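> Sequence and predicted structure are below.
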Amino acid sequence: MLTENDVRAGVKGQTHPDIIAITDHAVDVHGRKGRLYEVSNGPYGIPYRCLLPRGVRNLFIASRAASFSHIAAASCRLCRTMMTLGQAAGNAAALCVREGAPPRKVDVARLRAVLVEQGVAVTVS
Ligand SMILES: Cc1cc2nc3c(=O)[nH]c(=O)nc-3n(C[C@H](O)[C@H](O)[C@H](O)COP(=O)(O)OP(=O)(O)OC[C@H]3O[C@@H](n4cnc5c(N)ncnc54)[C@H](O)[C@@H]3O)c2cc1C
């Protein structure tokens, strides 16, 4: 699950090997107890694993319903990030079909390479 720790760490402080999307919007919790603060350590990454629900083998969740804590979701829920997750899920599904492998066995290095080829940022310079 993506958490506030990821948001606060920034991509340079995260150690996940399977980051497939980068984002950087402020944490913007709505409601009476809402709060708003900028991400302090630059952009952060979303791991591929956030798209894979427990207990279901052949399903990707590429939306607000992906595995995010509510604080992390308050930052990463933006349309642009959801579009990036959709791009990653679509490519991962294509790799599954091509290789006859389930989502959990996708070669994430290969998935990241495909995304880079398509102009999707999966890292920061
Ligand atoms: C008022 C408001 C303002 C916002 N402003 C911004 C903004 O300025 N910038 C920004 O980046 N984000 C903004 N957001 C957030 C952003 O819109 C969402 O976080 C983002 O769209 C979530 O993407 P999603 O794919 O998870 O869901 P959605 O974009 O909600 O997509 C879900 C889709 O599934 C469809 N659907 C639902 N049930 C079914 C079903 N049973 N069968 C078939 N289809 C179904 C829905 O019709 C919808 O099209 C705003 C959100 C709100 C509510």
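Okay, I see it.
> immediately after the helix or strand of the chain with the lowest mean pLDDT, which helix or strand?
Of all helical and strand segments in the chain, the minimum by mean pLDDT, DSSP states H and E falls on strand 35-37, at a mean of 87. Following strand 35-37 in sequence order, the next helix or strand is strand 44-47 (DSSP states H and E).
> Show residues contacting that next one.
Here strand 44-47 makes contact (CB atoms under 8 Å, 6 or more residues apart in numbering) with 2, 6-7, 9-11, 14, 16, 18-24, 66, 76, 81, 84-85, 122-123. For glycine as for every other residue, the C-beta is placed from the backbone atoms N, C-alpha and C.
> Which elements pack onto the least confident helix or strand of the chain?
Judged by 3 or more CB pairs under 8 Å, 6 or more residues apart in numbering; DSSP states H and E, strand 35-37 is in contact with strand 27-29.
> how far does the strand it packs on sit from the chain's center?
17 Å (CA atoms, centre = their mean, to the nearest Å).
> so what strands line up beside it?
strand 35-37 (antiparallel) (DSSP bridges).
> For Val124, report the pLDDT, please.
Val124 carries a pLDDT value of 84.
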